[in-house]
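Colleague: here is the input, now give the coordinates:
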Amino acid sequence: MNVQLDTALLVGLMVGVAVWLILHRGFVRILFGFLLLSNAVNLGILAVSGDPSNRAAPVVDAAGGAAMVDPLPQALILTAIVIGFGVLAYLVFLFYRLFVDNDTADLETLAEAPDAAPERKEDSR
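Modeller: Residues are numbered from 1 along each chain as shown. Below you'll find the predicted structure:
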């Protein structure tokens with residue numbers, strides 16, 4: 001099998017498992033789903049960037065006229081890793097606050113629970 005076909009199948013499998021995890025109703029599975037999805041997208045970007053074999057580093061002096069490796073996909077992946085970490089940290093904090101406020105980690109239970117927010121009284125002006 002071709003290396004790119006193997007990578008494409010791996011990315012497809014990772015995306016499928018990530019979507020399956022995100023559609024669950026448990027907080028931890030949703031977190032793992034988002035983490036797996038971000039890693040699958042990063043691997044997909046790296047696979048699309050091409051094979052770096054027989055290519056020189058993207059330094060003009062060292063290349064000497066040879067084909068150079070494109071550094072843009074690597075920069076995109078590094079940026080995506082940082083953004084993915086930020087989103088993961090936000091989701092951890094969000095799910096933690098939901099758990100502390102509602103004493104459950106099940107989204108179906110949260111959907112059935114009555115709203116705990118106090119009702120606002122309307123101004124009579």
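
Colleague: look up how far residue 46 lies from residue 31.
Modeller: Going from residue 31 to residue 46 by Cβ to Cβ, to the nearest Å gives 23 Å. In this view, the C-beta of every residue, glycine as well, is placed from N, C-alpha and C.

Colleague: now swap in residue 37 and tell me
Modeller: In terms of Cβ to Cβ, residue 37 sits 15 Å off from residue 46.

Colleague: those two: which is more packed in?
Modeller: More crowded of residue 37 and residue 46, by other Cβ atoms under 10 Å: residue 37, with 18 against 15.

Colleague: give me the nearest residue to that one, chain neighbours excluded.
Modeller: Excluding its sequence neighbours, the residue lying closest to residue 37 (Cβ to Cβ, 6 or more residues apart in numbering) is residue 18, at 3.7 Å.

Colleague: my guess is that neighbour contacts residue 31, does it?
Modeller: No: at 11.0 Å, residue 18 does not count as touching residue 31 under the criterion of Cβ atoms under 8 Å.

Colleague: more neighbours: which of these two?
Modeller: Between residue 18 and residue 31, counting by other Cβ under 10 Å, residue 18 is the more crowded of the two (20 against 17).

Colleague: list the contacts of the residue nearest to residue 37.
Modeller: Residue 18 makes contact with 33, 34, 36, 37, 40, according to Cβ atoms under 8 Å, 6 or more residues apart in numbering.

Colleague: again, but for residue 25
Modeller: Contact analysis of residue 25 by Cβ under 8 Å, 6+ apart lists 106, 107, 108.

Colleague: distance of it from residue 112?
Modeller: Residue 25 sits 11 Å away from residue 112, taking Cβ to Cβ as the criterion.

Colleague: cool, residue 70 as well?
Modeller: 51 Å.

Colleague: same check, this time on residue 38
Modeller: Distance, residue 38 to residue 112, using Cβ to Cβ: 31 Å.

Colleague: show me where this protein has helices.
Modeller: Counting by DSSP state H, the chain has helices at residues 3-22, 27-48, 60-63, 72-102, 107-112.
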